[in-house]
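S.K.: coordinates only, sequence not included:
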Ligand code: AMP
């Protein structure tokens, strides 16, 4: 079996994270290198490489979880940015589907990097 990537290790409890919210299927935790005052990552617990591999059921379920996280963070009214990077040109570093929730300030830059 291939070695786990960093998010798979976090999901397995082999690496620590600053947890924001968890459900049986999803985990939200703080980004270790935040690009905004609030920067939270949402991952499915199943291993899915990127948004290209998302199914309609997973898409629907993760959207509902993301909205729960947004509410828990208190970002719903002020706004936030929701980003998923895909592949090389998208700047994806970790090959496990994840959504960035960025907020806590007016975001002025067009990209994360
Ligand atoms: P991406 O470039 O879309 O693949 O984003 C990967 C994100 O994971 C980056 O924003 C990193 O700062 C973040 N990251 C990497 N390792 C960790 C970690 N151990 N805990 C939390 N966030 C991490």
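M.R.: The structure has been received and is ready for your questions. Quick caveat, the model's predicted, so the values are computed rather than measured.
S.K.: would you say residue 70 is within a helix?
M.R.: Yes - checked against DSSP: H, G, I helix; E, B strand; the rest coil, residue 70 lies within a helix.
S.K.: So it is in contact with residue 76, correct?
M.R.: Yes - contact criterion C-beta atoms under 8 Å: residue 70 and residue 76 qualify, at 5.5 Å. Where C-beta positions appear, they are placed from N, C-alpha and C, glycine not excepted.
S.K.: of the two, who's got more company?
M.R.: The residue with more neighbours, out of residue 70 and residue 76, is residue 70; 20 against 12, by other C-beta atoms under 10 Å.
S.K.: most residues in a single strand of this structure, which one?
M.R.: Taking DSSP state E as the criterion, the chain has its longest strand at strand 38-44.
S.K.: From the rest of the structure, what touches that one?
M.R.: Contacts to strand 38-44, defined as C-beta atoms under 8 Å, 6 or more residues apart in numbering, come from residues 7, 10-11, 20, 25-31, 58, 62, 65-66, 69, 73, 75, 80, 96-104.
S.K.: Show me the strands in this structure, by range?
M.R.: Under DSSP E, the chain gives strands at 19-22, 26-30, 38-44, 80-83, 99-103.
S.K.: any idea of the mean pLDDT in the third one?
M.R.: Rounded to a whole number, the mean pLDDT of strand 38-44 is 98.
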